[in-house]
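> Quick one, structure for this:
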Amino acid sequence: MQVSDDHLRGRTVIAADGQAIGEVAALFIDTSTWIIAALQIKLNKSAAEQIGAARGLLRAATLELPVRLVQSVADAVLLSVPTLELRQTFPDTDDQHEEKS
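Now for the predicted structure:
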């Protein structure tokens, strides 16, 4: 089955714990294989706070989610991991500061 990115953008993303964490904002495609590598998720405020995602003053926090964490896609995108495990997709800011020193 083929699905256009227009049909995926805006779909609700639900973590394995049943929490709606946001919506699909974009698809990232690996141009060497033409396979979708990740989804950009526009996080809702509560999910962003739970996982510690930085958000701008006038824009929502986003998360680049590898497709291996997607369990299924239908009317919503269901993830195979609970909300709190999404913290692991963000780089550790302490490690980044140590590398720069």
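> switch to C-alpha atoms for all contacts and neighbour counts from now on
Noted.
> Show me the strands in this protein, by range?
Secondary structure of the chain by DSSP state E: the strands cover 12-14, 20-30, 35-43, 62-66, 70-73, 77-79.
> what does the fifth one contact?
Applying Cα atoms under 8 Å, 6 or more residues apart in numbering, the set of residues contacting strand 70-73 from outside is 77-80.
> Derive a ChimeraX selection command for the buried subset of those residues.
In ChimeraX, a selection of the buried entries from the contacts of strand 70-73 looks like this (16 or more other Cα atoms under 10 Å):
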select :77,78,79
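> any idea which of the contacts of strand 70-73 is closest to residue 15?
residue 79 (4.8 Å; Cα to Cα).
> how close does the closest one get to residue 12?
11 Å (Cα to Cα, to the nearest Å).
> Let me see the contact set for the nearest residue to residue 47 once chain neighbours are set aside.
Using Cα to Cα, 6 or more residues apart in numbering and skipping the chain neighbours, the partner closest in space to residue 47 is residue 21 (5.2 Å). Residues in contact with residue 21, defined by Cα under 8 Å, 6+ apart, are 12-15, 43-44, 46-48, 83.
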